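Visitor: Got a predicted structure plus its sequence, pasted below:
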Amino acid sequence: MKRIINPWRNHPEYNCFGCCPDNPIGLHLEFFEDGDYIVSTWHPKHNYQGWVNTMHGGILSTLIDEVCGWVVTRKLQTSGYTVQLNVKFRKTIPTTEPKLTIRAKVEKVVRNLAYIKAEITNSQGELCNEGETIYFLMNPEKAKEMGFLYCDVEDDSNEQ
């Protein structure tokens, strides 16, 4: 897997709840490219519960939406926004879960819409949530206006 270089990191107004490392209440997600997939891991915390010791569905939906946004950023090399998000909650996730893996990939692109599928698995590899998003893709001019130029991965030439 290759670590994705965050193209927003130097933008003066960048404070994304999902991925900004400096957002004090954010999720601080980092992303990696693994073949066709964009992947992140996250460690649940007590403050993100909905019911007692149970992850809040809105936070889980945010994890799915965020990884899908990074599919757009890295795989499609543009910016965009969510126009539809569907989440299926298959298995309850406790706030004590050691690690979640969130992964997503493009299913298809039709004109300026990307259809992306995602999933969240727990530390035992069990499927907990599935998501489908539709993202509106900005044209290159609009993406540039929003501050997006290119999304790259770290150089892995030193890896064995």
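Guide: Everything's here; your move.
Visitor: So which residue is smack in the middle of this structure?
Guide: Among the residues of the chain, the one closest to the centroid is Val67, at 1.5 Å (CA atoms, centre = their mean).
Visitor: hang on, that one in a helix?
Guide: Yes: applying DSSP: H, G, I helix; E, B strand; the rest coil, one finds Val67 inside a helix.
Visitor: secondary structure element for the residue lying closest to Glu154 once chain neighbours are set aside?
Guide: Spatial nearest neighbour of Glu154, excluding adjacent residues (CB to CB, 6 or more residues apart in numbering): Arg3 at 4.6 Å. Just so you know, the C-beta spots here come from the backbone N, C-alpha and C atoms, and that holds for glycine as well. Element membership for Arg3 (DSSP states H and E) is strand 2-3.
Visitor: how many neighbours does His28 have?
Guide: 16 (other CB atoms under 10 Å).
Visitor: need the contact list for it.
Guide: By CB atoms under 8 Å, 6 or more residues apart in numbering, His28 lies in contact with 19-21.
Visitor: which among these gets closest to Pro12?
Guide: Checking those against Pro12 with CB to CB, the nearest one is Cys20 at 12.2 Å.
Visitor: can you tell me which residues contact the residue nearest to Leu100 when sequence neighbours are not counted?
Guide: Leaving aside its chain neighbours, Leu100 sits nearest to Trp42 (5.0 Å; criterion: CB to CB, 6+ apart). Counting by CB under 8 Å, 6+ apart, Trp42 makes contact with 27, 29, 63, 99-100, 102.
Visitor: ok so Arg74 is a strand residue?
Guide: No: using three-state DSSP, the secondary structure at Arg74 is helix, not a strand.
Visitor: so it makes contact with Asn6?
Guide: No: using CB atoms under 8 Å, Arg74 is not in contact with Asn6; the gap is 10.3 Å.
Visitor: ok but Leu60 is inside a strand, no?
Guide: No: counting by three-state DSSP, Leu60 is located in no strand; its state is helix.
Visitor: any idea how far Glu66 is from it?
Guide: To Glu66, Leu60 is 11 Å away according to CB to CB, to the nearest Å.
Visitor: and if you look at Gly18?
Guide: According to CB to CB, Gly18 and Glu66 sit 4 Å apart.
Visitor: in the chain, what spans have low per-residue confidence?
Guide: Low-confidence segments of the chain (pLDDT under 70): 156-160.
Visitor: all strands of it, in order?
Guide: Listed in chain order, the strands of the chain (DSSP state E) span 2-3, 32-34, 37-42, 80-89, 100-110, 113-121, 127-137.
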